[in-house]
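*Asks:* Next come a sequence and a model predicted from it.
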Amino acid sequence: MLLSYPLRHLSAVALAVLSACQRSAVSSGDAPRRTVNGALGERLDSALRTYEREGFSGSVLGAVRGRVLLHAGYGFADLETKRPNEAETLYEMASITKTLTAAAILHLESEGRLATTDRISRFLGSFPSPKDQATVHHLAIHTAGLVVAGTDLYVGPDRDRFLADVRSVPAESPPGTRYRYTNAGYAVLAAVVESAAREPFEQYIRRVFIRPAGMNTAGFLNEGVETDPRCARQYAASAEGPTATRPDEYGWGNRGATGLVASVGDVYRWIVALDTGKVLTPSARQQMFASWSEESYGWHTDTVGGRVRRHKGGGLQHGATQILWFPRDGVIIVWASNNGQRKWRPELNRMLPAIIFHQAESAT
């Protein structure tokens, strides 16, 4: 059983056993180091090679209706040794983790273990007013209002201590009245998952999502993945240039909100599993992708250029991650970066879909 303890509480043997990177091979066997298919794949690769020369460091996957056009790495996973990023390099996925946490709530609802209309006190004990009115749904759509923005909360390994902090700090707003994106709310949601599932958060996520989806190199920061040679080192911006950093602390306060470590291929397989109904029921997927608020159940849903887009990004001091999913067009783009010296999100999120859709339309 995977236990949510910090690394200092685990032996070297335990780390070796728990390491998600070391436990499994890439799902497709000996995966190619890079894939570039057709004119679209070549155009994507050419544009990213240009960005690589300008400092982009990461991995990118683009697919149309199940055909992978591009799956490749750019820049360096380790600047000191010049180890390159590859197609299946592993990255800290930051807030993309929220898509799994929200899915866990919906899966538990389909199992009859909770209802999203339940108050969180059913699972976590009493909360003071007005927090006692907060429901699982409020947490999932960032309207619970449990914690004032900027409040420092406990982020260590003790779940009860974290929840005690949430109870004691002032409420920001009555539940259901105001949207504000919050990691703390998703950490409370992870605690609900543990209570309803009666097993550790990471274990439940692995059992019901990671394994069925074929995310065979995915794991969590508390599993020692940073020591695996397939994991990218992380570089924060500084006046002197990219500076090596360690992963953010992983404990309660950000568990459920961040902490997933995966390749862009793993994330692609997760989206395919969601899209094909492999891991959630039709009613659960309908609830996940409804526009309840600005971000609902881990996803933004909007329309760009007349196309429905589902998207989710993650930001870190040492890089960024992104999903761009156009479900009606069958287009899925996933990218991750391990270098925060330059902010690539606006340019990549514009350029990658533009290439795919322009080329596809001009060919028809």
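*Replies:* Okay, I see it.
*Asks:* And the residue nearest to Glu88 when sequence neighbours are not counted, how far from Asn85?
*Replies:* Excluding its sequence neighbours, the residue lying closest to Glu88 (C-beta to C-beta, 6 or more residues apart in numbering) is Ser263, at 4.5 Å. Where C-beta positions appear, they are placed from N, C-alpha and C, glycine not excepted. Ser263 sits 10 Å away from Asn85, taking C-beta to C-beta, to the nearest Å as the criterion.
*Asks:* any common contacting residues for those two?
*Replies:* When contacts are counted by C-beta atoms under 8 Å, 6 or more residues apart in numbering, the set common to Ser263 and Asn85 consists of Ser59.
*Asks:* quick one, which of those two is more surrounded?
*Replies:* In this view Ser263 and Asn85 are compared by other C-beta atoms under 10 Å, and Ser263 has more residues nearby, 32 against 25.
*Asks:* can you pull the contacts of Leu352?
*Replies:* Leu352 sits next to Leu44, Ala47, Val60, Gly62, Leu324, Ile333, Trp335 when contact means C-beta under 8 Å, 6+ apart.
*Asks:* Could you give the number of residues near the first one?
*Replies:* So the one you mean is Leu44. Using other C-beta under 10 Å, Leu44 has 25 other residues around it.
*Asks:* how much space is there between the residue nearest to Glu88 and Ala184?
*Replies:* 28 Å.
*Asks:* Same question for Arg198.
*Replies:* According to C-beta to C-beta, Arg198 stands 23 Å off from Ala184.
*Asks:* So these two - more neighbours on which side?
*Replies:* Between Arg198 and Ala184, Ala184 has the larger neighbour count (other C-beta under 10 Å), namely 24 against 8.
*Asks:* burial count for Arg345?
*Replies:* Arg345: 15 neighbours (other C-beta under 10 Å).
*Asks:* so it touches Gln322, yeah?
*Replies:* Yes. The pair Arg345 and Gln322 qualifies as a contact (C-beta atoms under 8 Å) at a distance of 6.4 Å.
*Asks:* shared neighbours, the two?
*Replies:* Gly313.
*Asks:* which SS class is the residue nearest the centre of the chain?
*Replies:* Geometric centre of the chain, nearest residue: Ile96, 1.8 Å, by C-alpha atoms, centre = their mean. Three-state call for Ile96 (DSSP: H, G, I helix; E, B strand; the rest coil): helix.
*Asks:* Chain neighbours aside, what residue packs nearest to it?
*Replies:* Gly314 (5.0 Å).
*Asks:* Need the contact partners of the helix or strand the one you found falls within.
*Replies:* Taking DSSP states H and E as the definition, Gly314 sits inside strand 307-316. The contact list for strand 307-316 (C-beta under 8 Å, 6+ apart) reads 92-99, 234, 248, 258, 289, 295, 298-303, 320-329, 340, 345, 349, 357.
*Asks:* before we move on, back to that, closest one of the contacts of Leu352 to His137?
*Replies:* Proximity to His137 was ranked across the contacts of Leu352 by C-beta to C-beta; first place goes to Leu324, at 26.1 Å.
*Asks:* Burial check on Glu42, number of neighbours?
*Replies:* Neighbours of Glu42 (other C-beta under 10 Å): 14.
*Asks:* now Pro170
*Replies:* By other C-beta under 10 Å, the residues close to Pro170 number 10.
*Asks:* Pull up the per-residue confidence for Leu2.
*Replies:* Leu2 is assigned 27 on the pLDDT scale.
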